[in-house]
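>>> below are the sequence and a predicted model; questions follow.
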Amino acid sequence: MSGAVETIIRTTPVVDIHTHVFPPEFGAMCLSGIDDLLTYHYLIAETFRSTEVSHASFWKMNKAERADLVWKTLFVDNTPLSEATRGIISVLDAFGLNPRATTLAEARTFFHSRDLKKHFDWVMDAALVSTVVMTNDPFNEHEAWIWKAGTIPDQRFHASLRLDALLNHWDDAARQLAGEGLPVNAGLSGGTTKEVRRFLDNWIERMQPLYLAVSLSVDFKFPEDDITTRLLREVVLPTARDHKLALALMVGVRRGVNPALRSAGDGLGRADITALERLCAENPDVRFLATFLSRENQHELCVTARKFNNLMPFGCWWFLNNPSIVSEITRERLELLGPSFIPQHSDARVLEQLLYKWGHSRQVIADALFDSYEHLRCSGRAVTREEIVRDVTRMFSGNFEEWIGRSLV
Ligand code: RAT
Ligand code: ZN
């Protein structure tokens with residue numbers, strides 16, 4: 001039976017509900033190949049643990065020079081034991097490239113020789129990812145320009161409308177909107193909320209997102225006497241309601257713990273689960289997707305999901321996406337929630353990461369699910385093949401499709 005579970009998990013297409021991958025239509029935002037893979041922020045943070053090179057010197061290098069340093073430091077001078085380094089080895093293996101090469105010459109030649117469109121298809125097929133949800137920021141001027149130019153993404157890609165700028169940096173966002181000619185002010189007075197809602201309506205029309213999303217800091221409180229609570233209550237939640245869009249909350253990040261590391265400098269902390277409870281209780285007609293960054297919040301998230309059926313836990317986010325922790329969290333969720341959760345998202349930024357992130361996660365999820373079936377069998381009920389297919393399909397795509405009210409596969 002362990003063979004059956006593994007085969008079904010390995011052959012069931014998955015909807016990747018949160019990534020930062022963009023299709024070729026998005027030009028420079030579409031990251032692929034060995035230099036993008038090696039300059040992933042997870043690997044940059046690890047490199048500084050084993051090199052004498054200073055942060056300042058590193059950031060003066062171009063992308064290829066940074067990739068060379070990461071390769072030499074983490075793969076030549078040291079054994080690639082971490083999850084992020086093992087991921088690179090899995091990707092090289094998928095393409096038959098030498099994991100012990102002393103330089104990146106072979107890998108660079110290989111990736112440059114690939115036709116990007118065909119390469120995309122190959123990776124999506126090999127990772128068995130049927131749908132990729134991007135992270136789309138209307139406050140990012142470059143990205144906004146791409147959408148305004150009428151770009152239509154590859155049909156396997158869908159948008160999620162990211163609201164970090166609005167909810168976490170409201171003063172800057174208000175200034176930006178005012179600069180674009182919208183009559184808004186940072187105090188949220190006058191017609192500001194109406195204008196911001198209209199701004200979101202226009203972007204929903206343009207991007208057709210599958211859901212709204214925001215990452216929230218470890219200090220996030222709700223309700224609170226602050227601008228974030230007002231923006232949630234007066235702008236974001238009414239927008240979610242009107243457009244029947246779920247709201248994804250990614251909670252527990254501490255941005256810029258070490259600014260010298262730039263995009264690799266974020267940390268985490270234990271967040272206050274009562275904020276999520278209050279949001280779910282106050283908005284029973286809104287569906288929430290939620291993921292927490294701290295391991296310490298995982299049990300609370302499961303219990304909160306048992307109390308509120310408008311809450312869908314998803315993924316093992318960022319610093320949790322390591323086999324030992326994915327295993328622990330998936331087992332805990334199976335025990336507390338049965339199949340009513342979304343076990344994983346990749347958070348990939350570079351196309352080929354889909355190969356390793358899904359390859360590694362599928363293995364761990366298969367082991368956890370097999371053990372649940374074994375416990376059930378010992379208690380007197382064996383599962384059938386059809387039931388395994390039903391459970392895996394539900395967790396890999398069905399729960400999400402139900403949540404967003406749309407069929408994708
Ligand atoms: O996992 C990551 O790559 C992080 O840098 C973040 O992008 C995080 O996933 C987020 O969406 O904020
Ligand atoms: Zn992300």
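Structure received. Only a predicted model underlies this, so the values are computations on that prediction, with no experimental measurement involved. Ligands and ions are numbered 1, 2, ... in the order given.

>>> starting at the chain centroid, how far to stretch 286-296?
Taking CA atoms, centre = their mean, to the nearest Å, one finds the center of stretch 286-296 at 12 Å from the center of the full chain.

>>> could I have that stretch exported to PDB, CA atoms only?
Provided in PDB are the C-alpha atoms of stretch 286-296 (Å, rounded to 0.1, in the frame of the first residue of the first chain):
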ATOM      1  CA  VAL A 286     -15.700  35.600   3.800                       C
ATOM      2  CA  ARG A 287     -13.400  32.600   3.100                       C
ATOM      3  CA  PHE A 288      -9.900  32.800   4.600                       C
ATOM      4  CA  LEU A 289      -6.800  31.000   3.500                       C
ATOM      5  CA  ALA A 290      -4.100  31.100   6.200                       C
ATOM      6  CA  THR A 291      -0.500  30.100   6.700                       C
ATOM      7  CA  PHE A 292       1.700  30.900   9.700                       C
ATOM      8  CA  LEU A 293       5.500  31.200   9.500                       C
ATOM      9  CA  SER A 294       6.400  30.100  13.000                       C
ATOM     10  CA  ARG A 295       6.400  26.400  13.900                       C
ATOM     11  CA  GLU A 296       5.000  27.500  17.200                       C
END
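
>>> state the mean pLDDT of that stretch.
Averaged across stretch 286-296, the pLDDT comes to 98.

>>> cool, stretch 243-261 as well?
Across stretch 243-261, pLDDT averages out at 98.

>>> just the endpoints, please. Distance across stretch 213-225?
Counting by CA to CA, to the nearest Å, you get 22 Å between the two ends of stretch 213-225.

>>> distance from the chain centre to the strand or helix carrying residue 387, please.
Per DSSP states H and E: residue 387 is located in helix 385-393. Put simply, helix 385-393 sits 25 Å off its chain's centre (CA atoms, centre = their mean).

>>> what do you get for stretch 154-170?
The answer for stretch 154-170 is 11 Å, by CA atoms, centre = their mean.

>>> what do you get for stretch 246-260?
How far stretch 246-260 lies from its chain's middle: 12 Å, per CA atoms, centre = their mean.

>>> can you check the pLDDT for the nearest residue to residue 144 once chain neighbours are set aside?
Distance criterion CB to CB, 6 or more residues apart in numbering; nearest residue to residue 144, sequence neighbours excluded, is residue 138 at 5.6 Å. C-beta: built from backbone N, CA, C; applies to glycine. pLDDT, residue 138: 98.

>>> tell me who's in contact with residue 138.
144, 147, 161, 165, 199, 203, 207 (CB atoms under 8 Å, 6 or more residues apart in numbering).

>>> distance check, the last one against residue 168.
So that's residue 207. Distance from residue 207 to residue 168, counting by CB to CB, to the nearest Å: 20 Å.

>>> now do the buried residues in the helix holding residue 387.
Under the neighbour-count criterion of 16 or more other CB atoms under 10 Å, helix 385-393 has 388, 391, 392, 393 buried.

>>> between those, which is nearest ligand 1?
Nearest to ligand 1, judged by CB to the nearest ligand atom, of those is residue 392 at 24.4 Å.

>>> residues contacting that closest one?
For residue 392, counting by CB under 8 Å, 6+ apart, the contacting residues are 8, 9, 12, 369.

>>> gap between the closest residue to it other than its chain neighbours and ligand 1?
Sequence neighbours aside, residue 12 is the residue nearest to residue 392 in space, at 4.8 Å (criterion: CB to CB, 6+ apart). From residue 12 across to ligand 1, the span is 24 Å (CB to the nearest ligand atom, to the nearest Å).

>>> hmm, residue 12 is touching residue 396, no?
Yes. With contact defined as CB atoms under 8 Å, residue 12 counts as touching residue 396 (5.2 Å).

>>> compare the two (neighbour count), which wins?
Neighbour tally, residue 12 and residue 396, criterion other CB atoms under 10 Å: the higher count belongs to residue 396, 26 against 19.

>>> the more buried one - nearest residue in space that isn't next to it in sequence?
Setting aside the residues directly before and after it, residue 396 is nearest to residue 14 in space (CB to CB, 6+ apart), at 4.3 Å.

>>> same thing with residue 163?
Among residues not flanking residue 163 along the chain, residue 214 sits closest, at 4.5 Å (CB to CB, 6+ apart).

>>> any idea of the pLDDT on the closest residue to residue 227 other than its chain neighbours?
Closest residue to residue 227 apart from its sequence neighbours, by CB to CB, 6+ apart: residue 170 at 5.2 Å. Looking at residue 170, its pLDDT is 98.

>>> contacting residues around residue 170?
Residues counted as contacts of residue 170 (CB under 8 Å, 6+ apart) are 186, 227, 228, 231.

>>> what about 10 Å?
Applying CB atoms under 10 Å, 6 or more residues apart in numbering to residue 170 gives the contacts 186, 188, 196, 226, 227, 228, 230, 231.
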